[in-house]
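Student: return atomic coordinates for the entry below.
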Amino acid sequence: MFPSSIETIVREFIEIKEFRIVYYTEQEMNQVKVQIESEADVERRLADRLRERIGIRIDVERVAPGSLPRFSMKAKRVIDERNHQQQVG
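Tutor: Numbers count the residues shown, from 1 in each chain. Prediction:
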C-alpha cells in the first residue's frame, strides 16, 4: 500500500491538522498506523474509511496538538520502525 493512498483519504477530513504514517512490527507482523492531530473525535471514522477504501485495517491514533513535526513543501510523513532482519538460510 502506498502512503499517497493513505494521505488522500486523511486529507478528506478537514478536522485533521497534521498526520504521519508509521510502519512498525508487532509480534513479527508488519503493521501500519496513522497518527493524527485533531481536536475532533475522528479516529473511528477515519479507520473505517481506510478499511473500506484500502481493504486492510489501519490503526488510527490521535496525538496531542502540536506533537507531530511540521513539514514544509515536500513532507516526510512516513516513519518506518519495522524490524529489518536478514534471513539466515
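Student: got the contact list for residue 66?
Tutor: By CB atoms under 8 Å, 6 or more residues apart in numbering, the contact set of residue 66 is residue 37. Every residue, glycine included, has its C-beta placed from N, CA and C.
Student: one more: residue 13?
Tutor: Contacts of residue 13 (CB under 8 Å, 6+ apart): 38, 42, 45-46.
Student: top of these by number of neighbours, please.
Tutor: residue 46 (23 neighbours; other CB atoms under 10 Å).
Student: per-residue pLDDT, it?
Tutor: Turning to residue 46, the model gives it a pLDDT of 98.
Student: so who does it touch?
Tutor: 9-10, 13, 16, 34, 36, 60.
Student: now for these, which pair is the farthest apart?
Tutor: Greatest spatial distance in the contacts of residue 46: 9 and 36, 11.5 Å, computed using CB to CB.
Student: which one's more surrounded, these two?
Tutor: Of the pair residue 9 and residue 36, residue 36 is the one with more neighbours under other CB under 10 Å, namely 22 against 16.
Student: of the contacts of residue 46, which belong to strands?
Tutor: 16, 34, 36, 60 (DSSP state E).
Student: excluding chain neighbours, what is closest to the second one?
Tutor: With CB to CB, 6 or more residues apart in numbering as the measure, residue 60 is the residue that lies nearest to residue 34, at 5.1 Å, once sequence neighbours are left out.
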